[in-house]
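[1] Show me the folded form of this:
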Amino acid sequence: MPKLDRTISVAPMMDWTDRHDRYFLRLITRRALLYTEMVTTGAILFGDTDRFLRFDPAEQPLALQLGGSEPEALAKCSRIAETYGYREVNLNVGCPSDRVQNGRFGACLMAEPETVAACVLAMQEATSLPVTVKTRIGIDDLDSYAYFSDFVGRIAETGIQTFIIHARKAWLTGLSPKENRTVPPLDYDRVYRLKADFPQLEIILNGGVTSHDEIARHLTKVDGVMVGREAYQNPYFLAEIDQRYYGEDDETPERREIIDQMLPYVAREMAAGVPLNSITRHMLGLFQGRPGARAWRRHLSENAHKKGASLDILREAADKSR
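    The predicted structure is shown next:
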């Protein structure tokens, strides 16, 4: 299997990057690496595994993000991920929510480098898939560059090659998860410095990226860029990815073509019992910044959730966007 190209990726985002969103995004970019929402080891091992892990082959290349702190459980889930056909398994060491902290995983693991090292070592031993870590630049008072560098260095001793760095620290007390995505200041220079100090590692930068000019600047310092909220709220932002960063010649479909390409998928999913708005909620930003964007959003928001809503709602919204 060819080496996974992480030049551009779309971040794992809870409640956002589910399988319906990923199918939609894949119609806009074929090459960017997509990530699942974080899935806990408990959900996979003790819940409806197929509900949490199934995906459409069209979503590839696709990586699974796991949340957990028990090496054995993470190892089992990594093996399962390989059987499902994922291309990478990523360990979440960056989520600051109370629920995640109570489960002793996510960003709070930055205080436990030995635990993280044990987890990724077990994951690597359990699967032939690449294992990666997504982390912050620090937490609470553990926010010096020296601590951050030592943390990454310790994890790298396990043989792991790829780190995705959200260029903000996380406050585990005092800030909500939403505030932790915006309030702590971005420190891209710290991520650049890490790459300079660990040139052998693949370093992917994440956090606050909203333009292709920014991506181009970051790519002069790091190996890849992960885009988060911009890719969700303004998904057509991804339309330049394949040509600009991967040298593809094919033109990206226009917005109306993307809607038309979504229709068979939506019909299939609705026939299986999925409500229309579970899919269309991910499409609200398709016309962001374009004439007709408000009419598109309004028609979907006001009608897609109604009982008996059909594909006609999507077609009507597209017509109103013209």
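
[2] Got the domain ranges for this protein?
    8-246, 255-320 (automatic domain parsing).

[3] If you count contacts, what does the lengthiest helix in the chain end up packed against?
    Scanning the chain for the helix with the most residues, using DSSP state H, yields helix 255-271. Here helix 255-271 touches helix 19-26, helix 276-280, helix 311-320, going by 3 or more CB pairs under 8 Å, 6 or more residues apart in numbering; DSSP states H and E. The way it works is simple: take the backbone N, C-alpha and C, and place the C-beta from them, glycine included.

[4] where in the stretch 151-300 of the chain is pLDDT low?
    Within the stretch 151-300 of the chain, no range satisfies pLDDT under 70.

[5] re earlier: okay, the domains of the chain, which one's buried deepest?
    Ranked by mean neighbour count, those are led by domain 8-246 with a mean of 19 (mean count of other CB atoms under 10 Å).

[6] how much distance is there from that domain to the middle of the chain?
    Here the centre of domain 8-246 is set off from its chain's centre by 7 Å, with CA atoms, centre = their mean, to the nearest Å.

[7] Do me a favour and get the end-to-end distance for that domain?
    9 Å (CA to CA, to the nearest Å).

[8] would T36 count as being in a helix?
    No - under DSSP: H, G, I helix; E, B strand; the rest coil, T36 falls outside any helix and is assigned strand.

[9] For the nearest residue to it once chain neighbours are set aside, give the beta-bridge partners.
    Here the nearest residue to T36 in space, its sequence neighbours aside, is L64; by CB to CB, 6 or more residues apart in numbering that works out to 5.2 Å. Beta-bridge pairing for L64 (DSSP bridges): V89.

[10] I'd like the distance from L64 to V39, if you could.
    7 Å (CB to CB, to the nearest Å).

[11] Overlap in contacts, these two.
    Both L64 and V39 are in contact with L53, where contact means CB atoms under 8 Å, 6 or more residues apart in numbering.

[12] wait, what's in contact with the residue nearest to T36?
    By CB under 8 Å, 6+ apart, the residues touching L64 are 35-36, 39, 53, 81, 84, 86, 88-90.

[13] which of these lies closest to T252?
    Of all those, Y35 has the smallest distance to T252: 20.9 Å, by CB to CB.

[14] returning to what we had before: would you mind giving the domains of the chain as JSON lines with distance to P2 added?
    Converted to JSON lines, the domains of the chain look like this (distance: least, CB to CB, whole Å):
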{"stretch": "domain 8-246", "distance to P2": "10"}
{"stretch": "domain 255-320", "distance to P2": "26"}
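
[15] Residues in contact with stretch 289-305: which ones?
    Contacts to stretch 289-305, defined as CB under 8 Å, 6+ apart, come from residues 234, 255, 275-277, 280-281, 283-287, 309, 313-314, 316-318, 320-322.

[16] Wait, G208 touches A167, no?
    Yes - taking contacts as CB atoms under 8 Å, G208 lies within contact range of A167: 7.2 Å.

[17] Need the residues touching each of the two.
    Joint contacts of G208 and A167 (CB under 8 Å, 6+ apart) are L186.

[18] In contact with V274, which residues are there?
    Counted by CB under 8 Å, 6+ apart, V274 has contacts H20.

[19] about what we covered before: contacts made by the longest helix of the chain with the rest, please.
    If you take CB under 8 Å, 6+ apart as the criterion, helix 255-271 is touched by 20, 23-24, 27-28, 56, 236, 253, 276, 278-280, 283, 286-287, 290, 310-311, 314-315, 318, 321.
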